[in-house]
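Novice: coords below, sequence missing:
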């Protein structure tokens with residue numbers, strides 16, 4: 001699944017063993033994104049430097065919450081779109 005939107009915040013709790021959690025928001029609402037330690041090592045410059053992103057991953061439903069287990073994160077270049 002592909003989703004796009006603005007990163008509203010990131011969390012890297014010390015108890016999560018390197019997993020990073022992002023919240024992504026678009027005009028329809030918010031989705032939780034789970035980023036593995038390995039993916040974070042390669043994509044954190046994109047996350048830190050870009051607010052609009054596209055995330056590819058697998059949807060997981062657990063305990064009534066939807067999460068996207070990310071396997072790729074790409075920046076969206078919004079320059080020139082306006």
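Specialist: On my side now, so go ahead. Computed from a predicted structure; not experimentally measured. Numbers count the residues shown, from 1 in each chain.

Novice: now stretch 34-45, how far from the centre of its chain.
Specialist: Chain-centre distance of stretch 34-45: 10 Å, with Cα atoms, centre = their mean, to the nearest Å.

Novice: Okay, buried residues for it please.
Specialist: 34-35, 39-40, 43 (16 or more other Cβ atoms under 10 Å). To be clear about C-beta, it is placed using only N, CA and C from the backbone, and glycine gets the same treatment.

Novice: Using TSV, lay out these together with pLDDT and distance to residue 17.
Specialist: Formatted as TSV, these follow (pLDDT from 0 to 100; distance: Cβ to Cβ, whole Å):
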residue	pLDDT	distance to residue 17
34	95	12
35	96	12
39	96	14
40	94	12
43	91	18
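
Novice: Which parts of this protein are helices?
Specialist: 37-49 (DSSP state H).

Novice: that older thread, could you point out the member of the buried residues of stretch 34-45 that lies closest to residue 64?
Specialist: Ranked by distance to residue 64 (Cβ to Cβ), these are led by residue 34 at 15.9 Å.

Novice: can you map out the strands along this protein?
Specialist: 2-11, 20-26, 29-35, 52-62, 65-75 (DSSP state E).

Novice: residues making contact with the second one?
Specialist: Right, the one you point to is strand 20-26. 3-13, 30-35, 37, 40, 44, 47, 53, 55, 68, 70 (Cβ atoms under 8 Å, 6 or more residues apart in numbering).

Novice: Show me just the buried residues among those residues.
Specialist: Buried members of the contacts of strand 20-26, scored by 16+ other Cβ under 10 Å, are 3, 5, 7, 31, 33-35, 40, 47, 53, 55, 68, 70.

Novice: No more questions from me, cheers.
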